[in-house]
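Novice: build the 3D model from these lines:
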Amino acid sequence: MTTKVIVLAAGKGTRMKSAKPKVLHHLAGKSMLAHVLDGVGVLEPETTVVVIGHGSEMVQQEIEHSVSWAMQSEQLGTGHAVQQALPHIEDNDKVVIAYGDVPLTRASTFEALYALCDDKTVGLLSVILDDPTGYGRIVRDADNRVTGIVEQKDASVEQQAIQESNSGMLSITGARLKDFLARIDNNNAQKEYYLTDIFKLAVSDGLTIETVHPQDVWEVFGVNSRIQLAELERIHQNNCATELMENGVTLRDPSRIDVRGPITTGTDIEMDVNIVFEGVNSIGTGVKIGANCVIIDSKIGDNTLILPNSVLEGATIASGCSIGPYARLRPGTELADGAKIGNFVEVKQAKIGDGSKVNHLSYVGDAEVGNNVNVGAGTITCNYDGANKHKTVLEDDVFIGSNSALVAPVTIGSGSTIGAGSTISKDVAAGKLAVTRAKQAQIDGWERPEKKR
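Specialist: All right, here's what the predicted structure looks like:
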């Protein structure tokens with residue numbers, strides 16, 4: 001059988017009070033719909049059909065996954081939504097149906113649901129809830145066989161007491177799905193076509209309904225409000241923090257770290273509070289990260305120290321480096337072993353060599369800095385002429401005095417020294433001292449102006 005996936009993502013999400021479609025609201029740095037598409041990706045479907053409606057153009061523009069689109073112009077229920085995807089479904093397909101606003105379902109849960117389905121069996125993901133209010137209830141007979149699902153508004157008092165609840169996710173063959181959807185009606189309190197009505201048809205046709213439960217109940221929690229979105233964000237972040245600690249990371253407060261993308265870690269890492277990881281990051285063994293740091297798409301080598309309030313984006317850091325506090329490393333920054341970037345220093349599109357130091361209040365951009373270079377406080381690489389960027393090269397063992405401006409393109413030869421307060425616009429040969437300063441004048445008899453009374 002060929003695998004197909006249908007993801008329902010047409011809802012407006014009125015309670016979100018947003019112009020943005022509900023499924024595009026972000027959790028851990030990416031949309032809820034993207035989380036779902038990543039999860040079902042484990043099934044390696046030939047086609048994933050996303051049913052869209054409200055804000056369809058926005059959804060199509062943001063989602064980068066390879067999917068097919070189906071339009072639900074009118075919101076007439078989940079059964080009607082799935083019907084819009086049927087042109088993409090063949091009889092011999094094995095179909096999994098998921099929801100774009102249920103972002104935390106594990107890939108392993110999708111695999112277990114998929115495995116239940118065959119020509120004589122419909123798979124159903126159900127969950128035992130302490131408070132099942134709002135969920136459809138799983139109805140079973142005396143032999144514990146599933147006989148159907150009843151929605152909350154249509155359930156009797158006895159049925160509302162049932163704790164086994166419907167997640168909405170199921171697996172079924174394409175032929176069965178088409179047959180059952182053609183036979184359901186909207187004779188219910190909502191006057192909608194319920195996808196859940198296919199289960200009583202399956203039972204009447206002699207099929208077996210097999211259920212599987214998720215490992216954790218939050219895997220089936222959907223989002224209808226920003227409050228619920230925040231609750232799932234905290235669940236997800238707690239899971240990320242737990243995984244980090246299990247892998248050898250010390251977190252000073254596991255509730256004060258946000259992981260918004262994949263992160264690989266070595267061991268004996270220490271992280272203080274309020275650290276945010278975005279994108280894809282790699283953290284080596286023995287790294288220490290201070291409070292209030294933001295790290296984006298960066299690779300940090302072993303035994304590096306990142307002091308508080310530093311921001312790293314698109315940076316590659318070798319081993320034994322020291323960064324911050326209040327440092328900003330922008331995309332294209334590469335630090336070699338033992339390099340040091342100090343407080344209030346910004347580095348962009350620059351390579352800093354072994355043991356080199358940029359300690360204070362400096363900007364180094366579009367530069368190549370050799371080994372054992374010292375860049376003094378207040379140094380600026382003047383890399384932009386108003387139209388184009390130009391490169392600054394500092395060869396090995398260069399010493400740049402404080403408050404210097406290096407006007408690119410310029411090369412400072414190995415072992416040379418730039419006197420403090422200089423503006424250097426021409427290349428400096430190796431081993432030379434370069435100084436550019438106005439002659440100091442001292443004026444006798446000068447009096448400081450006073451305010452007029």
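Novice: got phi/psi on His80?
Specialist: Backbone geometry at His80, expressed as degrees, to the nearest 10, gives phi -60, psi -40.
Novice: which strand or helix spans the closest residue to it other than its chain neighbours?
Specialist: Across the structure, with C-beta to C-beta, 6 or more residues apart in numbering as the measure, the residue nearest His80 apart from its sequence neighbours is Tyr193 (4.4 Å). In short, each C-beta sits where N, CA and C put it, glycine included. No secondary structure element spans Tyr193, as it lies outside all helices and strands (assigned by DSSP states H and E).
Novice: my guess is Tyr193 contacts Asn186. True?
Specialist: Yes: between Tyr193 and Asn186 there is a contact at 5.2 Å, judged by C-beta atoms under 8 Å.
Novice: how about the contacts made by the residue lying closest to Val220 once chain neighbours are set aside?
Specialist: Excluding the flanking residues, the one nearest Val220 by C-beta to C-beta, 6+ apart is Ser167, at 3.9 Å. Neighbouring residues of Ser167 by C-beta atoms under 8 Å, 6 or more residues apart in numbering: 102, 125-127, 214, 220.
Novice: for Phe199, see how far away Ser167 is.
Specialist: Applying C-beta to C-beta, to the nearest Å, the value for Ser167 to Phe199 is 13 Å.
Novice: how about Ile295?
Specialist: According to C-beta to C-beta, Ile295 stands 47 Å off from Phe199.
Novice: cool, and Lys389?
Specialist: Counting by C-beta to C-beta, the gap from Lys389 to Phe199 is 63 Å.
Novice: look at those two and report which has more neighbours.
Specialist: The neighbour count for Lys389 versus Phe199, taken as other C-beta atoms under 10 Å, is higher for Phe199 (26 against 13).
Novice: list the contacts of the strand or helix carrying the more buried one.
Specialist: Using DSSP H and E, the secondary-structure element containing Phe199 is helix 198-204. Under the criterion C-beta under 8 Å, 6+ apart, residues 79, 122, 124, 145-149, 172, 176-177, 180-181, 183-184, 209 lie in contact with helix 198-204.
Novice: tell me the one of the residues you listed nearest Trp446?
Specialist: Taking C-beta to C-beta as the measure, Trp446 lies nearest Gly79 of these, at 90.1 Å.
Novice: now do the contacts for the closest one.
Specialist: Counted by C-beta under 8 Å, 6+ apart, Gly79 has contacts 181, 184, 192-195, 197-198.
Novice: may I have whatever helix or strand it lives in exported as CSV, CA atoms only?
Specialist: Assigning secondary structure by DSSP H and E places Gly79 in helix 78-83. Provided in CSV are the C-alpha atoms of helix 78-83 (Å, rounded to 0.1, in the frame of the first residue of the first chain):
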residue,chain,number,x,y,z
THR,A,78,-14.3,17.4,9.9
GLY,A,79,-15.9,14.9,7.6
HIS,A,80,-16.5,17.6,5.0
ALA,A,81,-12.9,18.7,5.4
VAL,A,82,-11.5,15.3,4.7
GLN,A,83,-13.8,15.0,1.6
